[in-house]
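> the following block contains a protein sequence and its predicted model.
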Amino acid sequence: MGDIKKNLRIIFGLFFVMFAFLVGYIVYFEVFVSPVIVNQTLNPRTNIVHENVWRGNIYDVNNNLLVEQTELSRNYIYGSAFAHTVGYTGVGRFGIEERYNFYLTNLSGELFQRIDYISFGANMYGDSLRLTLDSELQNFAYSQLGDRRGSIVVLEPSTGAVRAMVSNPSFNPNNIAQDFNALRDDADSPFLNRASGGLYPPGSTFKTVTALLGLKLAPNFTHYCHGHIILDGHRINNFNNVAHGYINMSRAFAVSCNTFFVALANYIGGYNFQKYAGKLFPHINFSLNYSQAQFNFSYEYADLAMLMQTSIGQGQTLVNPLYLALLASTVANGGIMAEPHIVQNVLTHRGNIRRTFRTPAIRLFDEYYSNHLKDMMVRVVTEGTGIAAALNNYQLAGKTGTAEVGYGASHGLFIGFAPADNPRYAIAVVLENSGGTAPVQPIVRNVLNFALN
């Protein structure tokens, strides 16, 4: 009899464990998996539900309307300026319209809304979204690109909130149905969100990384610059072969001396360069399509020439403008990188907050080093290569970059933040084939002056 009771307890325990596992899986599926499946563009259930749901609106951080649902279609108030962020729906979905479709159609509350719809004829409303974007800053930044290929990202360093993210060429989401085929076949890739999905060599903006390694591993390193440097038969020149003579790190950073940073990287060595620089490229989670920045240097397989090229932002390193803005943000924020986010709240159709999104922050380096980097970045603007970006009433800290590419003129890049002593905005600007930073710096100056004033 005792054996029977023991066996029953074992069987009961097994059934209890299996039941608990089943309940846990159902909860996991409903909370984590279901929204992903529902968001799939090819999910027929989503398309059927969408026909009966008044799709939610999208607002900027100040509650200005960006996207509204009308009787006939979606109305994208600002057209091409927000195309790569809010996206579109109709011919498939893209951008926030795709990633947050679960909320905009409020499928999580479908059962209760359908009961009201069937019983009382009540309208079914999707949730609305409040973004972190500032519509005025977004529109102004977009206007600064004109007809040039490139992108601008503006972040709030302390929170990672994206205040502006524009990419050009763009498209008008109000006309997506008739323009889709032509846009898809356009060689300039207007569907590509260059701000988060474009990958570029960082050029001399990468010297921010090399300088950080120098501050950690060789803070007193100096160099005599002849305008070029030759190591093991490999030659790197300064811009226009300018010789700076005896130079320390702060001055080398300000004038973007290639030979100094090549010599510094050689002194540090490939092993330490990979070990410490690699830590500055964490995996980034972001709401929109995001191409992870790629630090591809490996001391085991790279020769000295690759180390020399990598130290000045050439080589095989690839970054997107959002990563560059995060790098500037991290310096501005005392070495802490706040992951970027572009959606702030989910709102009911009555405007009540249903959910607030928060992103984590990670420390990449000590505040001691960020303070030194800030001082060096200020010097870039006050007496170095970034003078043309100087602001009207605030001190800008920044770093210029020119990236050589295998086609056309060089790309122009700039990263920075302002005010330098109490950073409110971090910025990254990339212009493709601009021939350098001459056309980039006025954009930086104009956008930050607009944001701060």
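Thanks, I have the structure now. Quick caveat, the model's predicted, so the values are computed rather than measured.

> please make it C-alpha for all contacts and neighbour counts, starting now.
Fine.

> ok, now which ones touch the one residue sitting closest to the centre of the chain?
By Cα atoms, centre = their mean, the mean C-alpha position of the chain lies nearest to Leu322, the distance being 2.8 Å. By Cα atoms under 8 Å, 6 or more residues apart in numbering, the residues touching Leu322 are Val153, Ala195, Ser196, Ala428.

> where do the helices sit along the stretch 351-453 of the chain?
Per DSSP state H, counting those that start in this stretch, the stretch 351-453 of the chain carries helices over the ranges 367-383, 441-452.

> Ser250: which of these is closest?
Nearest to Ser250, of all these, is helix 367-383, at 5.4 Å by Cα to Cα.

> and that closest one, what does it pack against?
Secondary-structure packing of helix 367-383 (3 or more Cα pairs under 8 Å, 6 or more residues apart in numbering; DSSP states H and E): helix 207-217, helix 249-255, helix 321-332, strand 397-403.

> I'd like these as JSON lines, with mean pLDDT and distance to Ile77 appended.
What follows is the helices and strands packed on helix 367-383, written out as JSON lines (pLDDT from 0 to 100; distance: least, Cα to Cα, whole Å):
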{"stretch": "helix 207-217", "mean pLDDT": "98", "distance to Ile77": "39"}
{"stretch": "helix 249-255", "mean pLDDT": "98", "distance to Ile77": "42"}
{"stretch": "helix 321-332", "mean pLDDT": "98", "distance to Ile77": "25"}
{"stretch": "strand 397-403", "mean pLDDT": "98", "distance to Ile77": "34"}
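
> which one, of the ones you listed, ends up nearest to Gln113?
The closest of these to Gln113 is helix 321-332. By Cα to Cα, the value is 38.8 Å.

> wait, which of the contacts of Leu322 is closest to Lys207?
Each of those was checked against Lys207 using Cα to Cα; the closest is Ala428, at 14.9 Å.

> quick one: contacts for that closest one?
Ala428 makes contacts with Ile152, Val153, Val154, Pro321, Leu322, Leu324, Ala325, Ala328, Leu413, Phe414, Ile415, Gly416, as judged by Cα under 8 Å, 6+ apart.

> can I have the buried ones of those residues as a PyMOL selection?
Selecting only the buried entries of the contacts of Ala428 in PyMOL, with 16 or more other Cα atoms under 10 Å as the criterion:
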select buried, resi 152+153+154+321+322+324+325+328+413+414+415+416
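
> could I get the contacts of Ala428 in a markdown table, plus columns for distance to Val91?
Output for the contacts of Ala428, formatted as a markdown table (distance: Cα to Cα, whole Å):
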| residue | distance to Val91 |
| --- | --- |
| Ile152 | 27 |
| Val153 | 27 |
| Val154 | 29 |
| Pro321 | 28 |
| Leu322 | 27 |
| Leu324 | 32 |
| Ala325 | 32 |
| Ala328 | 37 |
| Leu413 | 34 |
| Phe414 | 36 |
| Ile415 | 36 |
| Gly416 | 38 |
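
> how about the helices in the stretch 151-300 of the chain?
Going by DSSP H, counting those that start in this stretch, the stretch 151-300 of the chain shows helices at 176-185, 194-197, 207-217, 249-255, 258-268, 270-277.

> looking at the ones you listed, which is closest to Arg99?
Checked against Cα to Cα, the stretch from the helices of the stretch 151-300 of the chain lying closest is helix 194-197, at 14.6 Å.

> now do the closest one: distance to the chain's middle.
Put simply, helix 194-197 sits 7 Å off its chain's centre (Cα atoms, centre = their mean, to the nearest Å).

> pLDDT weak spots in this protein?
Under the criterion pLDDT under 70, the flagged ranges of the chain are 1-3, 5-9, 12-13, 15-17, 19-21, 23-51, 107-110.

> give me the domain ranges for it.
For the chain, automatic domain parsing gives the domain ranges 2-39, 203-341+357-452.

> count of neighbours near Val166?
The number of residues packed near Val166 is 30, by other Cα atoms under 10 Å.

> specify the beta-bridge partners of it.
Beta-bridge pairing for Val166 (DSSP bridges): Ile152.

> that one contacts Val86, doesn't it?
No - Val166 lies out of contact with Val86 (Cα atoms under 8 Å); the separation is 11.0 Å.

> what's the closest of the helices of the stretch 351-453 of the chain to Asn241?
Closest approach to Asn241 among the helices of the stretch 351-453 of the chain (Cα to Cα): helix 367-383, 19.1 Å.

> how far off helix 207-217 does the closest one point, in degrees?
Orientation check (axes from the mean of the first three to the mean of the last three Cα atoms, to 10 degrees): helix 367-383 against helix 207-217 gives 130 degrees.

> can you give me the buried ones in helix 367-383?
367, 369-371, 373-374, 376-382.

> tell me the one of those nearest Ser170?
In terms of Cα to Cα, no member of these lies closer to Ser170 than Val381, at 31.0 Å.

> contacts only, for the closest one.
Contacts of Val381 (Cα under 8 Å, 6+ apart): Ala254, Ile387, Ala388, Ala389, Ala390, Leu396, Ala397, Gly398, Lys399.

> contacting residues around the first one?
By that I understand Ala254. Met376, Met377, Arg379, Val380, Val381, Glu383, Gly384, Thr385.

> that's all I had, so thanks and see you.
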